[in-house]
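K.L.:
Got a predicted structure here, sequence first:
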Amino acid sequence: MKVLKKIVLKNHFLNIILLLLVQLGVSQNSPSSDFWNNVRFGGGIGLGFGDRFFNGAISPSAIYQFNDQFAAGTQLSFNYAKINDDSLFAYGGSLISLYNVIPAIQLSAELETLRINRKLAVRGAPDITDNYWSPAVFVGAGYGNRNFMVGIKYNLLQDDRSIYADAFIPFVRVYF
C-alpha cells in the first residue's frame, strides 16, 4: 500500500510539473508576452599563442534590454592558459549592467567571480597548485552601436592574485 501511495504521489507531482511547463510554453507564445523579444545573446571569444604559450577564452552572455538605454544580464566565463609547463584554468560568471548615454556611448558595470585553478611546475620538486576564488568589479565605457561595442573597463579590485595583468582591460561586446 505504501508503494502504491508513493507512485500516485509521484505521478501527481509529475503531472503538476508538466502542467506548469505547458502553461509556461503557452504564455511565451502569447502576443502580450514579449520577454524573449527583449533578450539578446552574445559574448566573446579570445585566442592568444606564442612560443610555448597558449591562451583560449570563451564567454557566452545573455542580456535583457529593458529599454533603449538600459540592459542587464549574465555572462559565463571559461579561460585556459598554458605557459611553458605552468597552466591556469579559470571559470565563473558575471552580472552585467549596460547604460547607453547616447546610442553610440555605453557605460557598463560588471561584477565577476572566477574560480582560479593554477599549476606551477617547479624543476626538481612537486608541482605547486593554487585554487581560489577571484572577485572583480569592472566599470567601463565603450563606443559602437546596438550590437557591437568596443571600449575599455577598469577592475576596481585588481590585485596580485587576479588573472588580469592590468586593471585596465580592453573589451569588444557583440550582441544579437
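P.N.:
Great, that's in hand. All of these numbers come straight from a predicted model, not from anything done at the bench.
K.L.:
Please enumerate the strands of this protein.
P.N.:
39-50, 53-65, 70-83, 86-102, 105-120, 128-144, 148-155, 168-175 (DSSP state E).
K.L.:
The last one pairs with which strands?
P.N.:
Partners of strand 168-175 in the sheet, by DSSP bridges, are strand 39-50 (antiparallel), strand 148-155 (antiparallel).
K.L.:
how about the ones you listed in a markdown table, adding mean pLDDT?
P.N.:
Output for these, formatted as a markdown table (pLDDT from 0 to 100):
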| stretch | mean pLDDT |
| --- | --- |
| strand 39-50 | 90 |
| strand 148-155 | 95 |
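K.L.:
S108: which of these is closest?
P.N.:
strand 148-155 (6.6 Å; C-beta to C-beta). All C-beta spots, glycine's among them, are computed from the backbone N, C-alpha and C.
K.L.:
Quick check: buried residues in that closest one?
P.N.:
149, 151, 153, 155 (16 or more other C-beta atoms under 10 Å).
K.L.:
which among those residues gets closest to Y80?
P.N.:
N155 (20.3 Å).
K.L.:
and the closest one, what does it touch?
P.N.:
136-138, 162, 164, 167-169 (C-beta atoms under 8 Å, 6 or more residues apart in numbering).
K.L.:
so which pair among the residues you listed is furthest apart in space?
P.N.:
Pairwise over those, using C-beta to C-beta, the maximum falls at V137 and F168, 13.9 Å.
K.L.:
Need the per-residue pLDDT for I169.
P.N.:
I169 carries a pLDDT value of 91.
K.L.:
ok, what's across the strand from it?
P.N.:
Bridge pairing for I169 - DSSP bridges - gives K153.
K.L.:
Count the residues that sit near it.
P.N.:
For I169, the neighbour count with other C-beta atoms under 10 Å is 16.
K.L.:
From I163, how far off is it?
P.N.:
Separation of I169 from I163 (C-beta to C-beta, to the nearest Å) stands at 11 Å.
K.L.:
go on, R146?
P.N.:
Taking C-beta to C-beta, one finds R146 at 30 Å from I163.
K.L.:
next one: D51
P.N.:
For D51, the distance to I163 - C-beta to C-beta - is 21 Å.
K.L.:
Of those two, which one has the most company?
P.N.:
With neighbours defined as other C-beta under 10 Å, D51 and I163 compare such that I163 has more, 15 against 5.
K.L.:
Please name the residues that touch the residue nearest to the more buried one when sequence neighbours are not counted.
P.N.:
Residue nearest to I163 in three dimensions, not counting chain neighbours: A90, with 5.4 Å by C-beta to C-beta, 6 or more residues apart in numbering. A90 makes contact with 77-80, 114-117, 134, 163, according to C-beta under 8 Å, 6+ apart.
K.L.:
next one: N55
P.N.:
46-49, 79-82.
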